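K.L.:
quick one: sequence plus predicted model below, questions after.
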Amino acid sequence: MSKTTTPRGQRTAARHGRLSSPGPFAQLFRGLAIVLAVLLVSGGAVFAYAAVDLTRSFTADAVDLKGQPAVPPDLGELKGGVNLLLVGTDECEPDFAQLFGDRCSGDDAEGTLNDVNMLVHISDAPRRVTVISFPRDLMVPIPSCTDQDGNVNSAMSKQQINSAYLYGGLSCVAATVSELSGLEIPFAAKVSFGGVINITDAIGGVDVCIANGIQDPYTGIDWPAGMRQVKGLDALQFLRTRHGVGDGGDLGRISNQQQYMSRLANKLKSQEVLSNPATLYKLASTALRNVDPSTSLTNPLTLVQIASAVKDVPFSDIVFIQYPTYTDPSDPNRVVPDREDADTLWSALAANQPLELSGNLSDGDGVVVDDNAAPAPTSAPADTATPAPTDGAPTDGATPSPAPSSDAIVLPDGIAGQTAAQATCSNGNVRE
């Protein structure tokens, strides 16, 4: 939950005012990051199916990460699990710029920001997946980075996290999140808003739940309560709405997007998708053609290994988390890290302990429990699940890593989120 830095028990949700940059269009990138995250955590076979055929387009714009160590041939040798950063940027591509008004034609048309920052952590066996969303308004230190023109930008003690891309591209974003989390990030990928449109069209629609109607003049949404299939531009409007859900801030929007992630994960795990090779190929090819990866991700074998690592993770072990924050005492429209609560999360991931959420679904009141939903499956199908080792032995020739604790870590109530097994609904701003 977003909190002030004064007495620890007093918590406030940051209600962000209208910002001059990057404008409403930039939020579309969250949609693409969400799709890519869920493809990784739920539809891993998609990447495995098409990796070789599409490698050329996927690697065309690959970038090196600063200080990138050599990636071992077996991902199991990466002790502590695998960390992959997904970044969404707000660049104005010619094919789509006309759709987004002032963002691509006005004063804010110059410059590219990383408005989507999601860290995907895949644990050592038994595999679990944790997807951590960092608010775009989070104020953090940014290390010294070199931009695309070779200019070295000095380290800064406090800047908005979504400006890191300006100072050094994808590598700078990875370095910033690595410094904030204390985790080594060997893999990263960047997507643009054009990819949002292309990938959401390829998905074919996702059924989302709206508990209260949503009205948002910034996205043009005026939707009643109930179940609604969203795809294409409608899906993007749903993913970027901020004023239409919860308290109208960025934190509520994150939890609303996590509802989409959860329902998309369930769709990608369904026979509707998994039993249709044409659908799998379309999803894979669209995703891979709309992603600029780090060079560490350009080996098809690496993609297949990531897919294999996550394809059988139970829904209950796919956890979507909001990075914990306080309201910035210097600016009510910004947030700062809650390092005490975050340290609990990082320690649990390092110890390979299961995570148990406190029950706080949303920092910004963006979602509520869907009481009408049928229970989602909490384990992988019996015919595809890979049994977890019972003796701590590595698989696939991996180097042994510390045996996971059987005791789940209950995260502080300052860390909001949900699992893919939970069903939630958008807490829209139109009350009955």
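P.N.:
That came through, no problem.

K.L.:
show me where the stretch 1-150 of the chain has strands.
P.N.:
Ranges of strands in the stretch 1-150 of the chain, per DSSP state E, counting those that start in this stretch, are 82-89, 114-122, 129-133, 139-142, 145-146.

K.L.:
for the ones you listed, which one sits closest to Ala284?
P.N.:
Taking CB to CB, strand 82-89 is the member of those nearest to Ala284, at 16.2 Å. (C-beta placed from N, C-alpha, C; glycine too.)

K.L.:
dump that closest one to PDB, restricted to CA.
P.N.:
What follows is strand 82-89, C-alpha atoms only, in PDB (Å, rounded to 0.1, in the frame of the first residue of the first chain):
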ATOM      1  CA  VAL A  82      16.000 -16.500 -13.500                       C
ATOM      2  CA  ASN A  83      15.200 -12.800 -13.600                       C
ATOM      3  CA  LEU A  84      13.800 -11.200 -16.800                       C
ATOM      4  CA  LEU A  85      12.900  -7.500 -17.100                       C
ATOM      5  CA  LEU A  86      10.000  -6.400 -19.400                       C
ATOM      6  CA  VAL A  87      10.000  -2.800 -20.400                       C
ATOM      7  CA  GLY A  88       7.300  -0.900 -22.300                       C
ATOM      8  CA  THR A  89       8.300   2.400 -24.000                       C
END
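
K.L.:
ranges for the helices of the stretch 51-200 of the chain?
P.N.:
With DSSP state H, counting those that start in this stretch as the criterion, the stretch 51-200 of the chain has helices at 102-105, 164-181, 193-203.

K.L.:
not counting its own residues, what contacts the longest one?
P.N.:
Identification of contacts with helix 164-181 by CB atoms under 8 Å, 6 or more residues apart in numbering yields 63-67, 85, 87, 89, 111-114, 117, 119, 132, 134, 140-143, 145-148, 153, 161, 183-185, 188-190, 292, 294, 337, 342, 346.

K.L.:
buried among those? Need that as a selection in ChimeraX.
P.N.:
Applying 16 or more other CB atoms under 10 Å to the contacts of helix 164-181, the buried members can be selected in ChimeraX as follows:
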select :63,65,66,85,87,89,112,113,114,117,119,132,134,140,142,143,145,153,161,183,185,188,189,190,292,294,337,342,346
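
K.L.:
shaky segments in the stretch 101-250 of the chain?
P.N.:
For the stretch 101-250 of the chain, residues meeting the criterion pLDDT under 70 lie at 101-103, 108-109.

K.L.:
ok, which of the strands of the stretch 1-150 of the chain comes nearest Ile199?
P.N.:
With CB to CB as the yardstick, what comes closest out of the strands of the stretch 1-150 of the chain is strand 82-89 (11.1 Å).

K.L.:
that closest one pairs with which strands?
P.N.:
strand 114-122 (antiparallel), strand 187-191 (parallel) (DSSP bridges).

K.L.:
what's in contact with that strand?
P.N.:
Here strand 82-89 makes contact (CB under 8 Å, 6+ apart) with 29-30, 32-33, 36-37, 40, 75, 112-122, 165, 170, 173-174, 177, 183-193, 196, 297, 306, 309.

K.L.:
same thing but at 7 Å, please
P.N.:
Strand 82-89 has contacts (CB atoms under 7 Å, 6 or more residues apart in numbering) with 29-30, 32-33, 36-37, 40, 75, 112-122, 165, 170, 173-174, 177, 183-192, 306, 309.

K.L.:
and Val87, what pLDDT?
P.N.:
With respect to pLDDT, Val87 scores 91.

K.L.:
check the gap between it and Asn117 for me.
P.N.:
Remark: distance between Val87 and Asn117 (CB to CB, to the nearest Å) = 6 Å.

K.L.:
Gly246 reaches Gly366, doesn't it?
P.N.:
Yes: look at Gly246 against Gly366 with CB atoms under 7 Å: they come within range, at 3.7 Å.

K.L.:
name the residues contacting each of these two.
P.N.:
Counting by CB under 7 Å, 6+ apart, the contacts common to Gly246 and Gly366 are Gly252, Asn427.

K.L.:
which one of those two is surrounded by more residues?
P.N.:
Neighbour totals were compared for Gly246 and Gly366, and Gly366 leads with 31 against 28 (other CB atoms under 10 Å).

K.L.:
just give the nearest non-adjacent residue to that one, would you?
P.N.:
Leaving out its chain neighbours, the residue that sits closest to Gly366 by CB to CB, 6 or more residues apart in numbering is Gly252, at 3.2 Å.

K.L.:
which other helices and strands does the helix ranked longest in the chain contact?
P.N.:
In the chain, with assignment by DSSP state H, the single longest helix is helix 250-269. Where contact means 3 or more CB pairs under 7 Å, 6 or more residues apart in numbering; DSSP states H and E, helix 250-269 is packed against helix 28-42, strand 206-210, helix 232-240, strand 318-322, strand 367-369, strand 417-419, strand 424-426.

K.L.:
show me how far it is from its chain's centre.
P.N.:
Chain-centre distance of helix 250-269: 9 Å, with CA atoms, centre = their mean, to the nearest Å.

K.L.:
now it and strand 114-122, what's the angle there?
P.N.:
For helix 250-269 against strand 114-122, the angle by axes from the mean of the first three to the mean of the last three CA atoms, to 10 degrees is 50 degrees.

K.L.:
and helix 250-269 with strand 206-210, angle?
P.N.:
Using the same axes, to 10 degrees: helix 250-269 against strand 206-210 is 140 degrees.

K.L.:
alpha carbons of helix 250-269, as PDB, please.
P.N.:
The C-alpha coordinates for helix 250-269 follow below in PDB (Å, rounded to 0.1, in the frame of the first residue of the first chain):
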ATOM      1  CA  ASP A 250      -1.400   4.700 -11.000                       C
ATOM      2  CA  LEU A 251      -1.400   2.100  -8.200                       C
ATOM      3  CA  GLY A 252      -5.100   1.200  -8.800                       C
ATOM      4  CA  ARG A 253      -4.400   0.900 -12.500                       C
ATOM      5  CA  ILE A 254      -1.700  -1.700 -11.800                       C
ATOM      6  CA  SER A 255      -4.100  -4.000  -9.900                       C
ATOM      7  CA  ASN A 256      -6.700  -3.600 -12.600                       C
ATOM      8  CA  GLN A 257      -4.100  -4.700 -15.100                       C
ATOM      9  CA  GLN A 258      -3.300  -7.700 -12.900                       C
ATOM     10  CA  GLN A 259      -6.900  -8.800 -13.300                       C
ATOM     11  CA  TYR A 260      -6.300  -8.800 -17.000                       C
ATOM     12  CA  MET A 261      -3.000 -10.800 -16.500                       C
ATOM     13  CA  SER A 262      -4.700 -13.400 -14.400                       C
ATOM     14  CA  ARG A 263      -7.600 -13.900 -16.900                       C
ATOM     15  CA  LEU A 264      -5.200 -14.000 -19.800                       C
ATOM     16  CA  ALA A 265      -3.100 -16.600 -18.000                       C
ATOM     17  CA  ASN A 266      -6.100 -18.700 -17.600                       C
ATOM     18  CA  LYS A 267      -7.000 -18.300 -21.300                       C
ATOM     19  CA  LEU A 268      -3.500 -19.200 -22.500                       C
ATOM     20  CA  LYS A 269      -3.600 -22.300 -20.300                       C
END
